[in-house]
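1. Build me a structure from this.
(2 chains)
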Amino acid sequence: MDGKILGYTNTTFEDMYTVDNNGYYGKFGGSFIPEMMHKNIEFLKLKYLEIIQDSNFQEEFHSLLRDYVGRPSPLYFSQALSDIYGGKVYLKREDLNHTGSHKINNTIGQILLAKRLGKKRIIAETGAGQHGVATATVCAKAGLECIIYMGATDVARQKPNVDKIKFLGAKVIPVTSGNKTLKDATNEAIRDWISNPESTHYIIGSVVGPHPYPDMVSRFQSVISEEIQKQLIEKTGKSNPSKVIACVGGGSNAAGAFYHFLDQKEVELIAVEAAGKGVDTGESAATTALGNMGVLHGAMTLLMQTEDGQVVEPYSVSAGLDYPGIGPLHAHLFDSNRASFVNVTDEEALNAALELTKIEGIIPALESSHALAALSKIDIKKDEVVVLNLSGRGDKDMDTYLNYHKQKAQ
Amino acid sequence: MNRIANTFNNRRNNILSIYFTAGHKGLNTCVDILKHLENSGVDIVELGIPFSDPVADGPTIQKSSETALLNGMSVKQLFEELQNLRDDVTIPVLLMGYINPIIQFGVEAFCKKCHEVGVDGVIIPDLPLDIYERHYKDIFEQYNIVNTLLVTPQTSDERIRQIDHKSNGFIYVVSSNGTTGDKNAVLHNDYFAHIKSLELETPTLIGFGIRDNKTFENACKYANGAIIGSRFVQHIEEGYSDKHIKSFVDEIVKS
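-> A predicted model of the protein is given here:
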């Protein structure tokens, strides 16, 4: 379907980094779905732009982002980080959103969509539990039944979020297949949707999955870069920073932070992946370093896999980055060299979390700590403006932080 | 010669197709199982290529795939095992699996190998019609590999007609909304009757939730036959001797 037929014309971009009419970003994307999902996905494909660009939808979406989520999230100038790493380092405070991360931007958008589609039941996958909490939250508010699939390993290591999801009235189903993490939870959510196609909407939490999900989720998250532009004008007089840094698991916070800068060539985009115990240790989630083209969860993308095409179980201390692929947009940004990809080990991320806590009094999420750790790995010039997307807060990671701190002290 | 077309030309009803996962019972077992299935009177076999993330499959086939991968099954290994397939097996054999292992093997190399060893067709649940036509159809046709398409209770009549027009071999009619081997699958005869009333050109086989003589015979009232997967995979957990497999097939077809 041509975008123009839907009354949508993209005036900002020359379509180099946005999705094409077949749902591809360059070589990546598409909808590799079984026939069981065809009706739902085809309907979304045809209607999602019309629905989300409708003025009533936009009005409701933005008023909820303002009054319910607490947007705009502040853009905070960190003198302390600037002193250490150079340049002028700003933190985009997604950690201050309701529910504690950027995930709520997408779930607000998708619950409004689900209501317009007449769906009665919501399913979602979650890794760190942030998307699970954000989904359970909007379902409570909308009065819709909510089922969260979560790998059994993650259920154990993210207990505070599991408790929150349950308290919000949603059902948590621990997934015991595979490595029992995010990939397996996603498989199970897809199976649920195949079994309940009429009643159910699947709120995918990242910029992964079949088209139109990566584009739809990117658009809901794009409020992040939209605000950054406005806030930078106020603070620096210019809308473009020199660099934008964000962590990438599936890549939704990065997609949101990059979105309005994609065709601003002078803005350097830096995506940070989780190296786990080290890229070459066999316990890593650094997809661009270790992966190649393949199909997972409905999209052609970069994927960690064996020679035989079996998906490799990733590893990261951070449950939100513990995914063997990246969204097709990011695969394209990597492939076309539009973004540079760096990776950060568990230990580097843990140290970065302690550092920010100590110097700024902000406890970041483990995922966001990967972005923070990248500051020491890139070259920042004196006058450069660096925006780092602080995607979530660290409440859920306190056990991990305390244990690490104790270990270090010994 | 197209073995799938021959099968449906020779008989239009009660076609029994059986699925099992290659490598589930160990390496170098799948040709034996194929032979036993043929001896037992099975008409078509769907041989599963195991994949780490089989989203259209329920627990039984997930588990058999996991076991097969642990046993060391791969696309490369499978073709080695099938090297002399046609010395012993005459019934149609289709490979059923997800697209990623096929892409990594190389789509053209895959089709070429299928052709060489005598595999007649494929069923690839996560390769939708539009992507197949845009990227892969020419290659599959060049090697005479039949791509089997699915219809489900979610598929509109218009799309069913389109799929019928683009199919050769047979259409895989998914019985209900669900994944494979769903014990609770409710088989809706009015859905089957509706498919029958469309009088499609391509033969139809009903699959998902077919598990015994009763469900098989019921499906055969509305389609050219039916497919049994998970139930057979469970059956061979206990062994795959000629006798053990024949007892399963006899129980399904009875008469």
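2. Name the SS class of the residue in the stretch 301-410 of chain A that chain B sits nearest to, please.
-> At 3.4 Å from chain B, residue A:309 is the closest residue in the stretch 301-410 of chain A, using Cβ to the nearest Cβ. Glycine gets a C-beta too; all of them are placed from N, C-alpha and C. With DSSP: H, G, I helix; E, B strand; the rest coil as the basis, residue A:309 sits in coil.
3. Spell out which residues of the stretch 51-200 of chain B are next to chain A.
-> B:51-56, B:58, B:62, B:66, B:69, B:74-76, B:98-105, B:125-128, B:131, B:134, B:149-152, B:154-156, B:159, B:174, B:177-179, B:182 (Cβ under 8 Å from any Cβ of the partner chain).
4. Give the burial count for the residue of the stretch 301-410 of chain A closest to chain B, as a bare number.
-> Counted with other Cβ atoms under 10 Å in any protein chain shown, residues neighbouring residue A:309 total 25.
5. pLDDT wise, what is it at?
-> Note on residue A:309: pLDDT of 98.
6. Now do the same contact list for it.
-> A:294, B:51, B:75, B:100, B:101, B:102, B:103, B:104, B:105 (Cβ atoms under 8 Å, 6 or more residues apart in numbering or on different chains).
7. try 7 Å
-> With contact set as Cβ atoms under 7 Å, 6 or more residues apart in numbering or on different chains, residue A:309 has these partners: A:294, B:100, B:101, B:103, B:104.
8. which ones among those residues are found in helices?
-> Counting by DSSP state H, the contacts of residue A:309 place B:100, B:101, B:103, B:104 in helices.
9. which two in the residues you listed are spaced the farthest apart?
-> B:101 and B:103 (7.4 Å; Cβ to Cβ).
10. mind listing the strands for the stretch 51-200 of chain B?
-> Counting by DSSP state E, counting those that start in this stretch, one finds strands in the stretch 51-200 of chain B at the ranges B:93-96, B:121-123, B:146-148, B:150-151, B:171-174.
11. any idea how far residue B:166 lies from residue B:175?
-> Here the distance between residue B:166 and residue B:175 works out to 21 Å (Cβ to Cβ, to the nearest Å).
12. for residue A:176, same thing?
-> For residue A:176 relative to residue B:175 (Cβ to Cβ), the value is 27 Å.
13. who's more crowded, the two?
-> Comparing residue A:176 with residue B:175 by other Cβ under 10 Å, the one with more neighbours is residue B:175, at 24 against 13.
14. which other helices and strands contact the lowest-mean-pLDDT helix or strand in chain A?
-> Ranked by mean pLDDT, DSSP states H and E, the weakest helix or strand in chain A is helix A:152-157, scoring a mean of 90. With contacts defined as 3 or more Cβ pairs under 7 Å, 6 or more residues apart in numbering or on different chains; DSSP states H and E, the packing partners of helix A:152-157 are strand A:171-175.
15. wait, does the strand it packs on contact chain B?
-> No: applying Cβ under 7 Å from any Cβ of the partner chain, one finds strand A:171-175 out of contact with chain B, separated by at least 11.3 Å.
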